[in-house]
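Chemist: build me a model:
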Amino acid sequence: MNVQSVPALMLQGTGSDVGKSMLVAGLCRAFARRGLRVRPFKPQNMSNNAAVTDDGGEIGRAQALQARAAGVPTTVHMNPVLLKPQSDIGAQVVVQGKVLTSAKARDYYRLKRDLLPKVIESFEVMARDADLVLVEGAGSPAEVNLRAADIANMGFAEAAKVPVILVGDIDRGGVIASIVGTHALLSDDDRRWLKGYVINKFRGDVSLFASATGIIEQACGLKGYGIATYWQGAHKLPAEDGVALEKAGKYQRRTDGGATDNGANGDGAAGRVIRIAVPHLPRIANFDDLDPLAAEDDVDLLVIKPGQVIPADCDLVLLPGSKSTMADLRFLKEQGWDIDILAHHRRGGFVVGICGGYQMLGRMVHDPDGVEGKAGSEAGLGLLDVETVMAGDKTLRKTDGLTTSDAVRGPLECGIAVSGYEIHMGQTEGPDRMRGWLALDGLDSPDGAISADGRVLGCYLHGLFGSDAFRHGFLAAIGGDNDPRQSSFDAGVDAALDELADHLEACLDLDGLLELAKSRGK
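Modeler: You can find the predicted model right below:
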C-alpha cells in the first residue's frame, strides 16, 4: 500500500483546550461505525496523563481514548512524541513509547528537528493498516515564532502532506478573530494545507452564526464543515490533561440536594453520600483514576486546591499519581495537607495512595541518582511502614489480578478481580509490604501495602477503580453502605462515545470531511 495516498485529516486548534481531542474521539467512533479502519494519531503531546499501550510503551491518554473509540489496540505509534513535565529538570521526552531524555524548553526546541523522522515513521506505521487516519494537532499553528522546528502542527502537515481543518472554540469568545487571525499569521506555504474550519462548543441558536460564515469565507477563503453545538455529555469521558481539574464542577456534585449526571453509569446506590478528597498536586499524573469514582451517583469527589483545607468530614483521602513525587510531597507539606491527612487518619478515616501517592504515604522517599531532579531524600507521611528508592528502570505494563486474603483486614474482600496498568519509577519495600493486597499477573509477591490498622492502603496499580466489582465493594466498605451498585464504568464510556458520535453526525459534514481526507495525495 502507498501510505502517501492513505486518506488522512488533521484537526488543529486556534488555541489549546478548544476540544480537538474530543472531536477526534467522536470522529473515530463515527467513521469506525461506518465500517472504516480508523487510526488516531498525534505527533506530539504534552501531558502527565499517560496510558500504557498494548505494545508496552506509553502515549497520552487522549490517544488511548481515541483508539478505544476506533475499536483498535493502542500502540506507541499513535503518539510518537510525549512530553511529561517534571519539576526542576524540564520535561521527560518519550519517543515511540520509551524515555529518550529529559530536557528544558530551549533544549527541546533544538531536539525537535531530529524527532520529525520518528514522527513520520510512526505516522506511516499507522497509515499502512488504515482506511482513514485522524490526526490531532497540539496548541495552535498561530505560534509562528516556533514554526521552524514545529512537528506538532503545520510542520507535520507539510511533511506528511495532510489537509488541515481548524477548530475554533466559540465558548471562549472571539472565534471569528481566532480563525481569521490564525489564517493571517500563517505563511503562504502553510496556508495551502489549511482547507476549512469547524466551530466547537456553540450554545444557543445556531442560525445566529450564519452571517459569520460568510465573513470567514470572505476574509480567508476557508470552507465551514459545521458547527458542533455544546455537548452536555462531555463530562462522561475521561479528560485529557490537568486543565480539567481547574474547571469548577468537573469532579463535584451539586450542592442544592440534587445529583448531577457525573458520569455514564447505570443505577447509582441510594445510600448516604461518600466524600472523597483529592489534593491537587502540581504534577498530578494519571488522574483518570478519579473518573470511575466521580461517575458514582453517591460519591462527592472534591479536588482540594492550593490554599484550601482537606474537609474534616471526608471518608477517604486519595493521594493520586505524580510525575515528580518528591517535589509534590514537599508541596503537599507546604500546603499543610500533611497535617490534615494525619488528623483525618486519627479520626478513623481511610487513606489510599496510588503510585506516587503510595510512595508519599511511606516513611521516606530517596532519590540517590537525581532521577527527579536534585539528588536527596524526603520524609513521607509515615502512614505506611515502607520506603521508596527512585532507582532502576521505568516500569511500564498492563496487568490483571485479584485482591488477596491479606486485604481482608482492610475495607476489601479477597478474590475481587482488578485490572489496570503500572507506569512508575522506584521500588517500595518495608514491613507493611508483608500485607500486600494485589496479586498481579507476572509478579512473584503481592503488590501494595496496608497499614497495621487496615485504614491506609497503597499500590502501584493505576486503573483499579475502573474495575467495577472492586470499586463497588470498596465504596460500600468505607461508606458503611451495603446497597448493591450496578454501574459499569467501561460500558458507560462506550455509551458516551456513541452519544458523541451521534452528536457529531448531526452537527458536522462528515461526508465532506471524509472527502477532504481522501483528497490527500491528489
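Chemist: mean confidence score for stretch 95-106?
Modeler: Per-residue pLDDT over stretch 95-106 has a mean of 88.
Chemist: that stretch: which residues count as buried?
Modeler: Residues of stretch 95-106 classed as buried: 95-97, 99, 102-103 (neighbour count, 16 or more other Cβ atoms under 10 Å). For every residue, glycine as well, the C-beta is placed using N, CA and C.
Chemist: out of the residues you listed, which are inside strands?
Modeler: Counted as lying in strands by DSSP state E, out of the buried residues of stretch 95-106, are 95, 99, 102-103.
Chemist: of these, which pair is most distant in space?
Modeler: 95 and 102 (12.3 Å; Cβ to Cβ).
Chemist: break this structure into its domains for me.
Modeler: Residue ranges for the domains of the chain, per automatic domain parsing: 3-43+63-71+115-234+496-516, 273-480.
Chemist: and those, which one is worst for confidence?
Modeler: Comparing those by mean pLDDT, the weakest confidence falls on domain 273-480, with a mean of 91.
Chemist: and whatever helix or strand residue 112 lives in with strand 98-103, angle?
Modeler: Assigned by DSSP states H and E, residue 112 belongs to helix 105-128. Angle, helix 105-128 to strand 98-103, by axes from the mean of the first three to the mean of the last three Cα atoms, to 10 degrees: 160 degrees.
Chemist: show me what helix 105-128 is packed up against.
Modeler: strand 38-41, strand 81-85, strand 91-95, strand 132-136, helix 154-160 (3 or more Cβ pairs under 8 Å, 6 or more residues apart in numbering; DSSP states H and E).
Chemist: out of the domains of the chain, which is closest to residue 489?
Modeler: Closest of the domains of the chain to residue 489 is domain 273-480, at 4.3 Å (criterion: Cβ to Cβ).
Chemist: give me the pLDDT for residue 254.
Modeler: Looking at residue 254, its pLDDT stands at 30.
Chemist: if we can go back for a sec, mean neighbour count and distance to residue 107 added to the domains of the chain, as CSV?
Modeler: As requested, those are exported to CSV (neighbours: other Cβ atoms under 10 Å; distance: least, Cβ to Cβ, whole Å):
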stretch, mean neighbour count, distance to residue 107
domain 3-43+63-71+115-234+496-516, 20, 12
domain 273-480, 20, 15
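Chemist: dump those into JSON lines; add distance to residue 490 as well.
Modeler: Output for the domains of the chain, formatted as JSON lines (distance: least, Cβ to Cβ, whole Å):
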{"stretch": "domain 3-43+63-71+115-234+496-516", "distance to residue 490": "9"}
{"stretch": "domain 273-480", "distance to residue 490": "7"}
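Chemist: out of these, which is closest to residue 108?
Modeler: domain 3-43+63-71+115-234+496-516 (9.1 Å).
Chemist: chain center to that closest one: distance?
Modeler: 19 Å (Cα atoms, centre = their mean, to the nearest Å).
Chemist: contacts for stretch 465-477, please.
Modeler: Outside stretch 465-477, the residues that touch it by Cβ atoms under 8 Å, 6 or more residues apart in numbering are 269, 274, 289, 291-293, 296, 298-299, 403, 411-413, 416-420, 464, 481-485, 487-490.
Chemist: in strands, which of the residues you listed fall?
Modeler: Using DSSP E, these in strands are 274, 299, 403, 417-420.
Chemist: quick one: strands adjacent to the helix or strand in which residue 166 is found?
Modeler: Assigned by DSSP H and E, residue 166 belongs to strand 164-169. Using DSSP bridges, strand 164-169 pairs in its sheet with strand 8-13 (parallel), strand 194-202 (parallel).
Chemist: next, the angle strand 132-136 makes with the shortest one.
Modeler: Same thing as strand 8-13. 20 degrees.
Chemist: tabulate the CA atom coordinates of strand 8-13 in CSV.
Modeler: Below are the C-alpha coordinates for strand 8-13, written out as CSV (Å, rounded to 0.1, in the frame of the first residue of the first chain):
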residue,chain,number,x,y,z
ALA,A,8,-5.9,11.4,6.4
LEU,A,9,-7.2,14.6,8.0
MET,A,10,-5.6,16.8,10.7
LEU,A,11,-7.5,18.9,13.2
GLN,A,12,-5.6,21.8,14.5
GLY,A,13,-6.9,24.4,17.0
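Chemist: what residues does that strand touch?
Modeler: With Cβ under 8 Å, 6+ apart, strand 8-13 has contacts from 19-20, 23-24, 127, 132-137, 139-141, 153-154, 156-157, 160, 162-169, 193, 198, 513, 516-517, 520.
Chemist: one more time with 6 Å
Modeler: In this structure, residues lying in contact with strand 8-13 by Cβ atoms under 6 Å, 6 or more residues apart in numbering are 20, 23-24, 133-137, 140-141, 153, 157, 162, 164-167, 517, 520.
Chemist: so residue 216, which state does it fall into?
Modeler: Under DSSP: H, G, I helix; E, B strand; the rest coil, residue 216 falls in the helix class.
Chemist: from residue 142, how far out is the residue sitting furthest away from the middle of the chain?
Modeler: Relative to the centre of the chain, the most outlying C-alpha is that of residue 218, 38.2 Å out, by Cα atoms, centre = their mean. To residue 142, residue 218 is 20 Å away according to Cβ to Cβ, to the nearest Å.
Chemist: ok, and what's touching the strand holding residue 166?
Modeler: Strand 164-169 is contacted by residues 10-14, 18, 20, 157, 175, 178-179, 193-194, 196-201 when judged by Cβ under 6 Å, 6+ apart.
Chemist: same check on stretch 430-447?
Modeler: 384-387, 399-404, 406-407, 448-450, 459-461.
Chemist: which parts of the stretch 201-350 of the chain are helices?
Modeler: Using DSSP state H, counting those that start in this stretch, the helices found in the stretch 201-350 of the chain span residues 210-220, 291-294, 325-334, 337-346.
Chemist: mind listing what the nearest residue in space to residue 229 that is not next to it in sequence touches?
Modeler: Nearest non-adjacent residue to residue 229, counting by Cβ to Cβ, 6 or more residues apart in numbering: residue 202, 4.8 Å away. By Cβ under 6 Å, 6+ apart, the residues touching residue 202 are 170, 227, 229.
Chemist: let's go with 8 Å and repeat that
Modeler: Applying Cβ under 8 Å, 6+ apart, we find residue 202 in contact with 170-171, 209, 227-230.
Chemist: and these as JSON lines, adding distance to residue 353?
Modeler: Shown next, in JSON lines, are the contacts of residue 202 (distance: Cβ to Cβ, whole Å):
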{"residue": "170", "distance to residue 353": "41"}
{"residue": "171", "distance to residue 353": "36"}
{"residue": "209", "distance to residue 353": "48"}
{"residue": "227", "distance to residue 353": "44"}
{"residue": "228", "distance to residue 353": "39"}
{"residue": "229", "distance to residue 353": "41"}
{"residue": "230", "distance to residue 353": "36"}
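Chemist: just name the closest of those residues to residue 501, please.
Modeler: Set against residue 501, the nearest of the contacts of residue 202 by Cβ to Cβ is residue 228 (12.0 Å).
Chemist: so what pairs up with the closest one in the strands?
Modeler: Under the criterion used (DSSP bridges), residue 228 bridges to residue 200.
Chemist: list the contacts of it.
Modeler: By Cβ under 8 Å, 6+ apart, the contact list for residue 228 reads 19, 23, 198-202, 503-504, 507-508.
Chemist: try 10 Å
Modeler: 19, 22-23, 26, 167, 169-170, 198-202, 500, 503-504, 506-508 (Cβ atoms under 10 Å, 6 or more residues apart in numbering).
Chemist: and residue 387, by the same measure?
Modeler: Per Cβ under 10 Å, 6+ apart, neighbours of residue 387: 359, 362-366, 377, 380, 427-430.
Chemist: state the pLDDT value of residue 240.
Modeler: So residue 240 comes in at 63 (pLDDT).
Chemist: residue 378 reaches residue 364, doesn't it?
Modeler: Yes. Residue 378 lies in contact with residue 364 (Cβ atoms under 10 Å); the separation is 7.1 Å.
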